[in-house]
Structure formats: structure tokens, C-alpha cells
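Asker: What follows is a predicted protein model with its sequence.
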Amino acid sequence: MSTAGVAAGAAFQESLARAMADARFLDRFYERFMATSPAIGAIFAGRDMARLKRKLRSSLHVMTLAAEGAPGVGLYVDHLAALHQR
């Protein structure tokens, strides 16, 4: 990975750590996301938000690994992309 790529990965990790330090971060993320469209809000209505927040936290961690060029992460990201295309 290039020096710029390493720096970008480190900056992303630092930013994510700051955001995750606030216990309200994921709640606010979903509140804002669902408010962007009634259709999006409808998709998430009745969902287990605690479970979705755990998945989002995990996915954000995977993104940090991908940004760092960790081996094998691309396959998992491709799998997540396929799941979200349904």
C-alpha cells in the first residue's frame, strides 16, 4: 500500500475511534439515515436496532481493515455488497 493509502487508513481509524467513543454515534447515524427518506425509514421499521448497530460497528471495523489492505477482507466486503443488493 502507498504511503498515502496508509495515512488515509490511519486517519479513517482515528476518526472512527473518535466517533465510536460517543455512545450515541450509532443511534444518531440510524436516526439521520432513516430520516433521509420515508422509504428507508419503512425498510428499518420493526427491525432489531441493537442487532443492526452491532452489524454496523462490525462493518465499520472491516472497512478499516480493508483500508489497510488486510488480506482476505475484499472477499468479505464483496459478500456484504451482495447481501445488500437484494
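Answerer: Yes, it's here.

Asker: contacts and neighbour counts: CA atoms only from here.
Answerer: OK.

Asker: Counting neighbours, what do you get for Ser37?
Answerer: 10 (other CA atoms under 10 Å).

Asker: go on, Leu75?
Answerer: Leu75: 10 surrounding residues under other CA under 10 Å.

Asker: what's the helix or strand for it?
Answerer: Following DSSP states H and E, the helix or strand that holds Leu75 is helix 73-84.

Asker: Give me the residues contacting that helix.
Answerer: Outside of helix 73-84, the residues within contact range by CA atoms under 8 Å, 6 or more residues apart in numbering are Val62, Leu65, Ala66.

Asker: Now do that helix: distance to the chain's middle.
Answerer: Relative to the centre of its chain, helix 73-84 is centred 12 Å away, using CA atoms, centre = their mean, to the nearest Å.

Asker: buried stuff in it?
Answerer: The neighbour-count check on helix 73-84 (16 or more other CA atoms under 10 Å) flags Val73 as buried.

Asker: what's the answer for stretch 24-34, then?
Answerer: The neighbour-count check on stretch 24-34 (16+ other CA under 10 Å) flags Leu26, Tyr30, Met34 as buried.

Asker: so what's the spatially most central residue of the chain up against?
Answerer: The residue lying closest to the centre of the chain (CA atoms, centre = their mean) is Leu60, at 3.4 Å. Neighbouring residues of Leu60 by CA under 8 Å, 6+ apart: Leu16.

Asker: Tell me the predicted confidence for it.
Answerer: The model reports Leu60 with a pLDDT of 89.

Asker: Pull out the buried residues from the helix or strand where it lies.
Answerer: Secondary-structure assignment from DSSP H and E places Leu60 in helix 49-67. Counting neighbours by 16+ other CA under 10 Å, one finds that the buried residues in helix 49-67 are Lys53, Val62, Met63, Thr64, Leu65, Ala66, Ala67.
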